[in-house]
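1. here's a sequence, model it:
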Amino acid sequence: MEDHSGKSPDHLTINVTHRDDPVFEVTEADAFASVRKYPNIVVRGPLFGLAEQRRGDRPRWRLMGELDTGFPQMVRDELNSHLWFKARDETEDRAERRSLLAAVARLETEKTDEVSACGVRYRVVRADEFARIGDGRLEPPRATDPDDDGWDLDATEPCRTDGFVVDHAAAVGLSEGIGRAGLLQLSYTADRFPADVRADSRRALTTHPGVVLLPTTFRVVERKEMSWSMVTGQYSTPQGARRALVDHLTRPFPELPDLPGMPEVPAWMKVDEKEAAVNERAAKKFMARRRANELIVRGKRFEVVRVERMMRIGPDGPEKSRPSDVDQYGPSQIHPLMDEHGNITHGT
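-> Take a look at the predicted model:
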């Protein structure tokens, strides 16, 4: 790493502060206690999302929506759609529309993680998802994590990641500062990761030496003898994950009829009435317990766990996807052609 004289660059600065605030004090104490109880880290793998950098934000970047996608190409397609609809609906200026559509054209043919349009830089960004573990147990939600008590299974889940400013030099508490310092040298070393994945991970320690922690999320996992399997996606609050568990138990896939000429419905999609009744009773008992984080039903152990995401930062901002990151498919045209006047040509 280069020797920097004077003030360290933002991507190398961890600015620790203290606030004379009772809530801050309790949160810090809770964080230190949790790290002592769950001292080790289990890395699940990468997640991808979108970030933008507007003129007034530079050198910082701002996240656009959740960062929860498993493949970078899915995020490139999301950006493709974002820019296409922006060209269709949000401008009448031909020069702006040309700029937006030029970025769309690149995303249709190139496996690129960054495009610019109308003075804004858009980037596919990468983060590693991990959980803390101690005595063979993943960390549950902390008492100080934002939470609620509602059981509306159709409630809209808030997004704490949308609009998050990626600012490595922003002031943080002592617990987060120590946590980030401890993550600086984290890389993939386990044999279960292919050699190219491990090599890219080691390389990132030099190309993107800084670390930023994104807002915490929560998942439901099923604990097995030697491992865990994910049951739900990520949620902004522990209660969101609890609602998702109840939904998983009480709203299974409906049983579909076997139709002539159609493949047989898989057994896992069929609903057994006795099993459904057991799940319904277990869900009701779970909902009666305020902020419960474990449920055992039919021999299965479900746990609500606390999940963190770390994003590596370099001199030019957040890390993009790595060469070893896997895609299931490549770029393609996903919207009809549009000209600078907004005229759309649909295929025949």
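
2. this structure: helices as residue ranges?
-> With helices called from DSSP state H, the chain shows them at 22-37, 72-89, 94-109, 174-183, 195-207, 238-250, 273-288.

3. any chance of those helices in a markdown table, plus distance to residue 139?
-> For every residue, glycine as well, the C-beta is placed using N, CA and C. Below are the helices of the chain laid out as a markdown table (distance: least, C-beta to C-beta, whole Å):
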| stretch | distance to residue 139 |
| --- | --- |
| helix 22-37 | 6 |
| helix 72-89 | 28 |
| helix 94-109 | 38 |
| helix 174-183 | 12 |
| helix 195-207 | 23 |
| helix 238-250 | 11 |
| helix 273-288 | 20 |
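
4. avg pLDDT for stretch 177-190?
-> Averaging pLDDT along stretch 177-190 gives 94.

5. chain center to it, what's the gap?
-> Once both centres are worked out by C-alpha atoms, centre = their mean, to the nearest Å, stretch 177-190 turns out to sit 18 Å from its chain's centre.

6. quick check: closest non-adjacent residue to residue 322.
-> residue 200 (4.2 Å; C-beta to C-beta, 6 or more residues apart in numbering).

7. quick check: the one you found touching residue 320?
-> No. Residue 200 sits out of contact with residue 320 when judged by C-beta atoms under 8 Å, with a separation of 11.4 Å.

8. so residue 81 touches residue 334, yeah?
-> Yes. Using C-beta under 8 Å, residue 81 makes contact with residue 334 at a distance of 6.8 Å.

9. quick one: residue 210 and residue 313 touch, right?
-> Yes. Contact between residue 210 and residue 313 holds when scored by C-beta under 8 Å: they sit 3.6 Å apart.

10. now for the two: what residues contact both?
-> Jointly contacting residue 210 and residue 313 under the rule C-beta atoms under 8 Å, 6 or more residues apart in numbering are 11, 168.

11. bridged to the closest residue to residue 305 other than its chain neighbours, which residues?
-> Excluding its sequence neighbours, the residue lying closest to residue 305 (C-beta to C-beta, 6+ apart) is residue 138, at 4.4 Å. Beta bridges link residue 138 to residue 133 when assigned by DSSP bridges.

12. likewise residue 40?
-> residue 133.

13. contacts only, for it.
-> 132-134.

14. filter those down to the buried ones, PyMOL style.
-> To isolate the buried members of the contacts of residue 40 in PyMOL, using 16 or more other C-beta atoms under 10 Å:
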select buried, resi 132+133
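
15. got the contact list for residue 340?
-> Residue 340 neighbours (C-beta under 8 Å, 6+ apart): 94-95, 97-98, 101.

16. 7 Å - rerun?
-> Listed by C-beta atoms under 7 Å, 6 or more residues apart in numbering, the contact partners of residue 340 are 94, 97-98.

17. TSV for those, including neighbour count and pLDDT?
-> Formatted as TSV, these follow (neighbours: other C-beta atoms under 10 Å; pLDDT from 0 to 100):
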residue	neighbour count	pLDDT
94	12	97
97	22	98
98	15	98
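
18. turn these into a markdown table, including distance to residue 170.
-> Below are those laid out as a markdown table (distance: C-beta to C-beta, whole Å):
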| residue | distance to residue 170 |
| --- | --- |
| 94 | 39 |
| 97 | 35 |
| 98 | 36 |
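
19. between these, which sits nearest residue 277?
-> residue 97 (57.1 Å; C-beta to C-beta).

20. my read: the closest one touches residue 87, true?
-> Yes. Counting by C-beta atoms under 7 Å, residue 97 does reach residue 87; the two are 4.9 Å apart.

21. do you know how far the residue nearest to residue 322 is from residue 321?
-> For residue 200, the distance to residue 321 (C-beta to C-beta, to the nearest Å) stands at 10 Å.

22. and stretch 9-21, how far out from the chain middle?
-> That offset, for stretch 9-21, works out to 24 Å (C-alpha atoms, centre = their mean).

23. my guess is residue 45 meets residue 130, correct?
-> No. Between residue 45 and residue 130 there is no contact under C-beta under 7 Å: 9.1 Å.
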